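**Q** below is the sequence, then the predicted model.
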Amino acid sequence: MTPPPKPHTNDSIRIPALLVATLANFLTPFMGSSINIALPAIGSEFAADAILLSWIPTSYLLAAAMFAVPFGRISDIYGMKKIFSCGIVLFTIASLLSAVAPTVLSLIAFRIIQGIGSAMIFVTGLAIVTSVYPSVGRGKAIGINIATVYIALSLGPVVGGIMTQYLGWRSLFFAMIPLGMVILAITCWKVKNEWAGCRGERFDLKGSIFFSIALVMVIYGFSILPKIAGIVLVIFGILGFSGFLMFELKVDSPVLNVRLFKNTTFALSNLAALINYSATFAVVFLLSLYLQYIKGLDPQSAGLILVAQPVVMAIFAPIAGRLSDRFSPQKLASLGMTLSTIGLFIFAFITSETSITVVTVGLAVIGLGFGLFSSPNTSAIMGSVEKRFYGVASAMVSTMRLLGQMLSMGLALMVFAVFIGNVQITPVQYPALLKSIQTVFMICTVLCFAGIFASLARKIY
């Protein structure tokens, strides 16, 4: 096996690598958050029903989740830059196809391709940044990289809404094309090196298929809970994961090295990430309903209030990343989890009389908590593995995020089904809606509180 290249200490390598990874990190969350705003316009043009429209974001998410870990392993074998560049090309082509999609079914198909390209991008971008930065300075770089996600999430609903209103929903996809071309040009021009710590090893195709099928069953199952089909899919998905883990222990070159989870830092940091995303992702969804139904605000006013959380995240993620280079990432991440718990606890007692100021403060506290948690926790995950596993470790970061997001929404939808049922929300249902929101926030508070101990239990050196 060819030994991995030594990490470069030259800024001529680091800065371009961080630049392309950061720009690429903007693509996927912006696309995801902006397309949700455009769904009514898409539905109106294609005369599509709500179920079909829901597949436009869901197909993208499922494709990204399916291919994250396999492409993380492929990048370790064949080269991170190569997979990253191919991902940019695929994402850009899929954006063009989506922009000219003649039907809603073709749009869904192109979104699947876009999701595959996204998986190739986000599992390699973080791995490349980790490869070129030494342990001192890596946290700051990861913090900048992660902050871009929050900036994209902040701009997505606002910019996406303006573009959809004045330029049409297709403009969202057209806008991704020049950005993709710029990223590809910088990558080819400035990022000259390749990183492949496992070059020459065999790719585990059977394990990849096994993993993808099990993950899709879990994610899609949670998306349709509490239907019986959803429960069955989740159960079979969990059983599938158990079988996958046993299968991987017997493979010489596994797609996911299960033995990595013997590393306490790696295992508990991933668990902490899963818990944090599961507890916090549904916050914006819940408060969007609260602000528009209970408080009677229009979508624009509600959006301006909700932007408080990602803005605070974007401000503090780079700061937390820099602090993680000097102080214990374990303590910083645990402090972030604690603040998130406090923010969720505030919303567990939300009422129709709660002031907008309290809502904004609660969002800011959660944003601060997540900003302090995410960068140090990600830095801990990437720093706990050998360089030859950077691709897989980066893929696990993405998988925990995607799985946590679906678990969070699945929890919210289950509670809504119990208190409200499958009916249109009218003023008659407002008391039940408020009770549902309070219940979800209480469950998320308990979940996030448990995550504090998962974060504290690891040992980071």
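**A** In hand now; what should we look at? Numbers count the residues shown, from 1 in each chain.
**Q** walk me through the domains of this structure.
**A** Taking automatic domain parsing as the criterion, the chain consists of the domains 8-194, 204-254, 262-461.
**Q** how about JSON lines for those, with mean pLDDT and mean neighbour count added?
**A** Just so you know, the C-beta spots here come from the backbone N, C-alpha and C atoms, and that holds for glycine as well. Formatted as JSON lines, the entries for those read as follows, by pLDDT from 0 to 100; neighbours: other CB atoms under 10 Å:
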{"stretch": "domain 8-194", "mean pLDDT": "82", "mean neighbour count": "20"}
{"stretch": "domain 204-254", "mean pLDDT": "83", "mean neighbour count": "17"}
{"stretch": "domain 262-461", "mean pLDDT": "83", "mean neighbour count": "20"}
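**Q** spatially nearest residue to the residue nearest to the spatial centre of the chain, not counting backbone neighbours?
**A** Most central in the chain under CA atoms, centre = their mean is Arg401, positioned 4.2 Å from the mean C-alpha point. Leaving aside its sequence neighbours, Arg401 sits nearest to Tyr277 (CB to CB, 6 or more residues apart in numbering; 5.5 Å).
**Q** does the one you found touch Thr399 like I think?
**A** No: the criterion here is CB atoms under 8 Å, and Tyr277 misses it with Thr399 at 10.6 Å.
**Q** what sits against Lys262?
**A** Taking CB atoms under 8 Å, 6 or more residues apart in numbering as the criterion, Lys262 is in contact with no other residue.
**Q** torsion angles phi and psi at it?
**A** Reported as degrees, to the nearest 10, the phi and psi values for Lys262 are phi -70, psi -20.
**Q** and it, how far is that from Val385?
**A** When CB to CB, to the nearest Å is the yardstick, Lys262 and Val385 sit 11 Å from each other.
**Q** what of Phe30?
**A** Phe30 sits 29 Å away from Val385, going by CB to CB.
**Q** now swap in Ile342 and tell me
**A** Taking CB to CB as the criterion, Ile342 is separated from Val385 by 32 Å.
**Q** ok, Ala119 next?
**A** Counting by CB to CB, the gap from Ala119 to Val385 is 19 Å.
**Q** again, but for Lys435
**A** Distance, Lys435 to Val385, using CB to CB: 44 Å.
**Q** and Phe247, how far from Val392?
**A** Using CB to CB, one obtains 16 Å as the distance from Phe247 to Val392.
**Q** regarding the protein, what is its longest helix?
**A** Ranked by number of residues, the top helix in the chain under DSSP state H is helix 11-46.
**Q** same for that one, what does it pack against?
**A** Using 3 or more CB pairs under 8 Å, 6 or more residues apart in numbering; DSSP states H and E as the contact criterion, the elements in contact with helix 11-46 are helix 50-78, helix 80-99, helix 104-132, helix 135-167, helix 170-190.
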